[in-house]
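S.K.: what would the 3D arrangement of this be:
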Amino acid sequence: MLSLSQALKARLSTPLKIGRFEVNSRVLQSPLSGVTDLVFRRLVRRHAPESMMYTEMVNATGLHYVKDLPIIMEVDPNERPISIQLFDCRPDFLAEAAQMAVAEGADTVDINMGCPVNKITKNGGGSSLLRDPETAEAIVRSVTQAVNVPVTVKTRIGWTDQEITILDFAKRMEDAGAQMITVHGRTRSQGYNGNAKWEWIARVKEILSIPVIANGDIFSVEAAVNCLEQTGADGVMCSRGTMGYPFLVGEVDHFLKTGTLKPTPTSVERLQCAREHLQMLWEYKGDRGVRQARKHMTWYSKGFAGAAELRGQLSTIENVQQGLDLIDRAIDRLMQSDERDPRLVEDEAVALAIA
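M.R.: Numbers count the residues shown, from 1 in each chain. Here you go, the predicted structure:
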């Protein structure tokens, strides 16, 4: 049976303090490019109203040259706490972008120093900053001086297994003024392969006084608890585990606060969420939202009879009605099939036992 140690309970019993800002949750929704837009964040926040959400990462150079802010930077005035994540390698451009982020309503500004994608690293951004700690320091100092909200950093443990530099790098970020650091327990060369090396997150926590957030391989409540126990981190950030499953942040948050597990959503409930996600994306972005929804819809379509066929169909939808019809038919089939809600089966078993 999953439980929290007394030491973990005590450590997580108070709000997460990021500089002067407090968050009443130790579970954060990671910034995910092409995923964590306003619509997705609303779905996550429905189940985790007190958790910190992050926008998709925003290119500071792009902001410097545009008159109108990109839609990925749009923040609902009511969605708090919220952080806007920026990336670049130019301290002055990032400082300027940070001021725009605060004007948009950001409670904190996060600097991406961990993205492993080539098109980001070849221009000096993302995880390439692990190899250029002097520039990374200059970025944090510049952004910290430019805004009156906490500045945070998200990074990885190093460039390769032979070049794990996170201990020195993290200390430099703290000394430069970062108020929190999130560490993804993989190197840049790993991408998203292999296992996250949580032991390095534990070592970072040992040497810093600012909050350390653990990231990597958080796909379940159990994984989140194990990670927190092993690393001593001040919180966890959920990333890929929320793709097609916006319930995860809320599930982890609920368990950390209550010690009890939320009921797992059924296949029908997941598809109902997918339906709403599709409808909301269409209302928010029109036909472009429908195209973006294709990947989301395939992520939702797992773990039930006919899921593979549905994934294939949803990956090519051309309009919102086509997608809604496919999902509605799948829901009808599941409700008419022999698939039982595991919660009902469990309740019946308990009732029989009592009788």
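S.K.: mind listing what's buried along whatever helix or strand residue 251 lives in?
M.R.: Following DSSP states H and E, one finds residue 251 within helix 248-258. Buried residues in helix 248-258, counted by 16 or more other CB atoms under 10 Å: 248, 249, 250, 251, 252, 253, 254, 255, 256. In short, each C-beta sits where N, CA and C put it, glycine included.
S.K.: what helices or strands is it leaning on?
M.R.: Applying 3 or more CB pairs under 8 Å, 6 or more residues apart in numbering; DSSP states H and E, one finds that helix 248-258 makes contact with strand 27-29, helix 38-47, helix 221-231, strand 235-238.
S.K.: make TSV out of these and add mean pLDDT and distance to residue 214.
M.R.: Putting these into TSV (pLDDT from 0 to 100; distance: least, CB to CB, whole Å) gives the following:
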stretch	mean pLDDT	distance to residue 214
strand 27-29	98	10
helix 38-47	97	18
helix 221-231	97	5
strand 235-238	98	5
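S.K.: can I get those in CSV with mean neighbour count?
M.R.: CSV is the format used below for the helices and strands packed on helix 248-258 (neighbours: other CB atoms under 10 Å):
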stretch, mean neighbour count
strand 27-29, 28
helix 38-47, 20
helix 221-231, 19
strand 235-238, 27
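S.K.: need the ones you listed in CSV with distance to residue 317, can you?
M.R.: Below are those laid out as CSV (distance: least, CB to CB, whole Å):
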stretch, distance to residue 317
strand 27-29, 26
helix 38-47, 16
helix 221-231, 32
strand 235-238, 27
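S.K.: out of the ones you listed, which gets nearest to residue 170?
M.R.: When the helices and strands packed on helix 248-258 are compared by CB to CB, helix 221-231 sits nearest residue 170, at 13.0 Å.
S.K.: what residues does the closest one touch?
M.R.: 2, 4-5, 8, 12, 26-27, 198-199, 201-202, 205, 212, 214, 217-218, 233, 235-236, 238, 241, 251-252, 255-256, 261 (CB atoms under 8 Å, 6 or more residues apart in numbering).
S.K.: ok, 6 Å please
M.R.: Contacts to helix 221-231, defined as CB atoms under 6 Å, 6 or more residues apart in numbering, come from residues 2, 8, 198, 201, 202, 214, 218, 236, 251, 252, 255.
S.K.: any idea how far residue 107 is from residue 259?
M.R.: Look at residue 107 and residue 259: by CB to CB, to the nearest Å, they are 28 Å apart.
S.K.: the more surrounded of the two?
M.R.: residue 107 (20 against 11; other CB atoms under 10 Å).
S.K.: quick one, what contacts the residue nearest to the more buried one when sequence neighbours are not counted?
M.R.: Nearest residue to residue 107 in three dimensions, chain neighbours excluded: residue 81, at 4.8 Å (CB to CB, 6 or more residues apart in numbering). By CB under 6 Å, 6+ apart, the residues touching residue 81 are 23, 52, 107.
S.K.: and of the helices and strands packed on helix 248-258, who's closest to residue 322?
M.R.: Closest among the helices and strands packed on helix 248-258, once you apply CB to CB, is helix 38-47, at 18.8 Å.
S.K.: state the helix or strand in which residue 185 lies.
M.R.: Secondary structure assignment for residue 185, by DSSP H and E: strand 180-187.
S.K.: mind checking the pLDDT average for that strand?
M.R.: Confidence for strand 180-187, expressed as mean pLDDT, is 98.
S.K.: and the angle for that strand with helix 221-231?
M.R.: Angle of strand 180-187 versus helix 221-231, following axes from the mean of the first three to the mean of the last three CA atoms, to 10 degrees, is 100 degrees.
S.K.: what packs against strand 180-187?
M.R.: strand 151-158, helix 198-207, strand 212-215 (3 or more CB pairs under 6 Å, 6 or more residues apart in numbering; DSSP states H and E).
S.K.: who wins for proximity to residue 133 among those?
M.R.: strand 151-158 (10.5 Å).
S.K.: helix or strand next in line after the closest one, which one?
M.R.: Going down the chain from strand 151-158, the next helix or strand is helix 166-176, by DSSP H and E.
S.K.: in that next one, which residues are buried?
M.R.: 166, 167, 169, 170, 172, 173, 174, 176.
S.K.: and which of those residues is nearest residue 316?
M.R.: Each of these was checked against residue 316 using CB to CB; the closest is residue 166, at 41.6 Å.
S.K.: quick check: closest non-adjacent residue to the closest one.
M.R.: In space, residue 166 is closest to residue 157, 4.3 Å off (CB to CB, 6+ apart).
S.K.: alpha carbons only: can I get the strand or helix carrying residue 109 in PDB?
M.R.: For residue 109, the host element (DSSP H and E) is strand 108-113. Output of strand 108-113 as PDB, limited to C-alpha atoms (Å, rounded to 0.1, in the frame of the first residue of the first chain):
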ATOM      1  CA  THR A 108       7.500  33.700 -12.000                       C
ATOM      2  CA  VAL A 109       9.700  33.700 -15.000                       C
ATOM      3  CA  ASP A 110      11.400  30.400 -15.900                       C
ATOM      4  CA  ILE A 111      14.500  30.100 -18.100                       C
ATOM      5  CA  ASN A 112      14.800  26.900 -20.100                       C
ATOM      6  CA  MET A 113      18.300  25.600 -19.900                       C
END
